[in-house]
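Q: predicted model follows, preceded by the sequence.
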Amino acid sequence: MSHMWTFQRVGGLDQVVFKSASDIINLPDLDPKLWVALSCPTTGLDFDERTLSLLDSDNDGRIRIPDILDAISWTCDKINSFDSILSTSETLPLSQINASIPQGKKLSVTAQSILASLNKKNVDYLTQDDIQQSIKINADKLYNGDLIFPPSSELSPNMQMFITTAIKTTGAQKDMSGQDGIDLNIATTFVENLQTWLQWQTKISNTQTPFGENTAEIWKLIQLLKPKIDDYFLRAELAQYAPQAQTALNVDEKYIVPTQNGLLSEEELAELPLSKIDTTDTLDLVNGLNPLWKAKISRFKTLIESSLSNPDQLTQQEWQNIQQSLQAYTSLISTKPEMAHLTVEIEPSASIDDIPISIITNLANNDLLTEFEQMVEQDNQTPISASDILVLEKLVLFHKHLYRLLVNFASFADFFQPETRAAFQLGELYIDGRCATLCVAVDNIAKHATMANYSELCLLYCECTRHGEKQLIAAAMTAGQGDLLIEGRNGVFIDNKGNDWDANVVKIITKPISIQQAIWAPYQRMGRVITEQINKWASSKDADVEKSSEQTLQNPANKFDIGKSVGIFAAIGLAIGAIGTALATIFQAIFALAWWQVPLVFIGLFLIISGPSVILAWLKLRRRTLGPLLEASGWAINGQVKINLMLGSLLTSKAQLPTNAKRNLRDPMKQRHNKLVIIFWLAILLGVGVTGGWLWHEGYLDRYIEQHKQAQTQNKTDTNANIGK
């Protein structure tokens with residue numbers, strides 16, 4: 001029979017509800033398409049870091065559904081009841097450990113040993129702090145059950161050298177204390193590599209050559225000098241073949257002049273021929289040598305003098321004979337065995353070739369390996385084993401944090417409950433009289449903003465600093481207005497640990513925040529446009545005044561010509577008349593309405609102006625979703641997680657006075673007006689309104705408007721006649 005699931009419709013998604021242990025145990029049967037998240041990063045979360053590292057079994061920095069299912073299965077085998085996990089208890093009762101299986105029984109004994117070592121024999125539960133203290137105490141011991149040994153001063157000098165050399169040439173693992181050490185696998189591989197290397201060296205040393213114990217040094221010098229000596233003899237042969245090219249085969253003067261700082265360049269000198277080129281087929285080993293190679297040639301001469309007919313010269317044939325005599329030795333060198341390589345935490349930093357052969361001979365002795373094996377056996381008998389402590393730590397952490405992970409991954413129950421915070425909510429940003437609680441971690445602002453823009457959320461990217469530390473966050477503003485939200489503003493970010501950070505807004509993604517903002521947005525835009533036009537007009541007029549003033553000073557004043565100005569006055573009159581006619585028409589239309597129709601006109605005008613803005617804002621606010629914001633932070637979200645107006649008002653709270661606060665509305669800084677003056681002007685306005693209404697009702701206003709129109713028509717006729725004259 002299939003499990004009976006419970007789902008809650010919230011945020012536009014059907015989210016699974018964990019009511020009992022059975023819901024968690026049966027999670028492997030839940031369709032992954034019904035999980036809210038598919039994966040999340042191990043960083044940038046308000047979650048226990050150690051638990052996340054244990055969940056991330058492949059160390060790729062991400063938690064996926066299989067990781068969580070594996071954790072549930074692993075935990076289920078080691079505790080008696082999953083019900084205690086739903087309580088997210090800080091403690092793991094010893095009675096919850098499943099002692100009916102061998103590993104559980106061993107864990108129970110280890111837990112009791114830990115409590116005894118901490119002087120808590122009468123306590124029947126474990127906490128995360130107990131585990132950490134036990135790890136710290138055991139980490140300082142040489143025999144702590146981790147089966148890894150650093151080069152401790154408690155060991156003999158030979159064993160210290162054994163471990164140190166193994167770390168250099170084979171690699172190391174981290175022990176409980178965090179030090180570099182070796183385990184039995186590394187030690188065994190290290191000794192095997194040493195013995196293989198020694199066998200190879202023995203074959204080389206048994207190879208017969210004319211140079212005896214100097215063979216190795218001569219061979220190394222030959223590898224170093226061979227390109228230069230071969231080049232010398234080749235140039236000499238070319239000089240014999242074409243004597244006229246001898247000058248070109250030697251050093252050009254331009255290559256031995258000092259550089260800009262007055263010094264010769266060693267790199268350029270090293271590229272020059274080994275010695276002066278002539279038509280002889282011998283290399284003078286004493287005179288005329290390139291200074292950069294003279295010391296090496298001198299040492300080479302000393303070692304091979306017995307093979308030279310003339311101790312101061314090397315012929316081409318002698319050079320070939322020396323190389324031929326070392327052919328067998330060279331073949332053995334080229335067959336160097338490959339050393340075994342292990343996968344370790346700390347990679348080797350040196351080669352066995354870098355270790356003196358006397359030390360290698362001493363360390364390759366099986367006695368040290370046998371001694372190390374005995375140390376491992378003794379460490380394995382430790383009452384409180386490091387491996388068992390780590391298993392207990394994993395069990396305690398999963399018992400404590402697994403449920404919270406599920407309600408922040410399989411569902412987002414923590415996010416939709418006002419009294420709790422989701423794992424991705426890092427704290428609160430206080431700015432512009434508001435508190436934003438949807439604050440997520442950001443690594444790269446430009447990259448994050450590209451994806452987060454699709455969330456339709458107004459986002460403030462802030463750089464937060466505290467005591468030299470720095471972090472980047474993105475805070476979603478989901479309530480209030482955005483008029484004063486500008487780049488460069490400062491706020492305070494308080495993380496979930498209570499630490500306060502100085503926050504500076506470095507980037508803003510502007511989106512609608514509320515319906516209230518959308519209502520007044522057209523008027524604010526209109527006001528900004530009018531203000532800008534007035535500023536432009538004032539600036540242009542100011543420039544015209546300055547220009548005309550300069551011209552007045554430079555040119556004599558001209559007499560005023562009334563004839564030239566008639567057209568200007570006529571145009572002004574026409575403009576004033578047109579404005580008056582328009583106003584009269586508007587007022588006539590208004591006064592022609594019934595009294596109850598007048599408010600409807602203003603309401604309609606208000607809807608015409610604000611309506612489109614409100615509709616667009618409402619559509620965008622309905623599209624606000626959490627998914628792209630989290631996707632930008634590295635999550636993989638399975639669907640849209642809607643943020644409606646109600647949730648938005650919870651995620652961003654505005655300033656409110658306390659319930660029992662008293663409020664004095666008399667502002668001492670506000671300009672005061674005489675009440676009698678205010679009453680006088682109100683009476684005047686009321687009288688004007690009553691008089692206008694009476695005139696309208698009696699028809700006087702209509703007759704006045706008609707007469708005014710006739711007068712305007714007559715004025716236009718007279719003006720046109722004057723212009724025609």
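A: Received, thanks.
Q: quick one: end-to-end distance for stretch 142-153.
A: With C-alpha to C-alpha, to the nearest Å applied, stretch 142-153 spans 10 Å between its terminal residues.
Q: and the contacts of it?
A: For stretch 142-153, the external contacting residues (C-beta atoms under 8 Å, 6 or more residues apart in numbering) are 138, 154-155, 159-160, 163-164, 167, 173-177, 179-184, 372, 375-376, 378-380, 382, 384-389. (Each C-beta comes from the backbone N, C-alpha and C, glycine too.)
Q: of those residues, buried ones?
A: 138, 155, 159-160, 163, 167, 173, 175-177, 180-184, 372, 375, 379, 382, 384-386, 388-389 (16 or more other C-beta atoms under 10 Å).
Q: not counting its neighbours along the chain, what's nearest Trp319?
A: Once flanking residues are discounted, Trp319 sits nearest to Ile229: 6.1 Å by C-beta to C-beta, 6 or more residues apart in numbering.
Q: return the distance of the one helix or strand the one you found maps to from the chain's centre.
A: Remark: Ile229 resides in helix 215-241, with elements defined by DSSP states H and E. Between the centre of helix 215-241 and the centre of its chain there are 55 Å (C-alpha atoms, centre = their mean, to the nearest Å).
Q: all strands of the stretch 101-250 of the chain, in order?
A: For the stretch 101-250 of the chain, the strands defined by DSSP state E, counting those that start in this stretch occupy 125-127, 173-174, 180-181.
Q: let's have the ones you listed in TSV, adding mean pLDDT and distance to Glu268.
A: Supplementary listing: these in TSV, determined by pLDDT from 0 to 100; distance: least, C-beta to C-beta, whole Å:
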stretch	mean pLDDT	distance to Glu268
strand 125-127	90	69
strand 173-174	92	47
strand 180-181	92	43
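Q: to Phe416, which of those lies closest?
A: Minimum separation from Phe416 across those (C-beta to C-beta) falls at strand 125-127, 30.0 Å.
Q: which helices and strands sit right next to that closest one?
A: strand 91-93, helix 102-117, helix 386-406 (3 or more C-beta pairs under 8 Å, 6 or more residues apart in numbering; DSSP states H and E).
Q: what mean pLDDT does the last one get?
A: Model confidence over helix 386-406 averages 90 on the pLDDT scale.
Q: repeat for the shortest one
A: Strand 91-93 shows a mean pLDDT of 89 in the predicted model.
Q: partner strands of that strand, with direction?
A: strand 125-127 (antiparallel) (DSSP bridges).
Q: run the chain-centre distance for the partner strand.
A: Chain-centre distance of strand 125-127: 36 Å, with C-alpha atoms, centre = their mean.
Q: do stretch 388-403 as well
A: The answer for stretch 388-403 is 29 Å, by C-alpha atoms, centre = their mean.
Q: circling back to that earlier point, closest to Leu397 out of the strands of the stretch 101-250 of the chain?
A: Evaluated with C-beta to C-beta, the strands of the stretch 101-250 of the chain place strand 125-127 nearest to Leu397, the distance being 10.6 Å.
Q: list of residues touching that closest one?
A: With contacts defined as C-beta under 8 Å, 6+ apart, strand 125-127 is touched by 90-94, 111, 114-115, 392, 396.
Q: run the last query once more with 10 Å
A: Contact with strand 125-127 is made by 89-97, 107, 110-112, 114-115, 118, 120, 133-134, 392-393, 395-396, 399-400, as judged by C-beta atoms under 10 Å, 6 or more residues apart in numbering.
Q: keep only those of the buried ones among the contacts of stretch 142-153 that are in helices.
A: Under the assignment DSSP state H, the buried ones among the contacts of stretch 142-153 contribute 138, 159-160, 163, 167, 184, 372, 375, 379, 386, 388-389 to helices.
Q: and the furthest pair within the residues you listed?
A: Spatial extent of those (C-beta to C-beta) is set by the pair Gln160 and Asp388 at 28.0 Å.
Q: quick one, phi psi at Cys435?
A: Torsion angles at Cys435 (phi, psi; degrees, to the nearest 10) stand at phi -130, psi 110.
Q: quick one: least confident helix or strand in this protein?
A: helix 562-591 (a mean of 61; mean pLDDT, DSSP states H and E).
Q: quick revisit: hmm, which of the contacts of strand 125-127 are the buried ones?
A: Buried by 16+ other C-beta under 10 Å: 91-92, 94, 96-97, 107, 110-112, 114-115, 134, 392-393, 395-396, 399-400, out of these.
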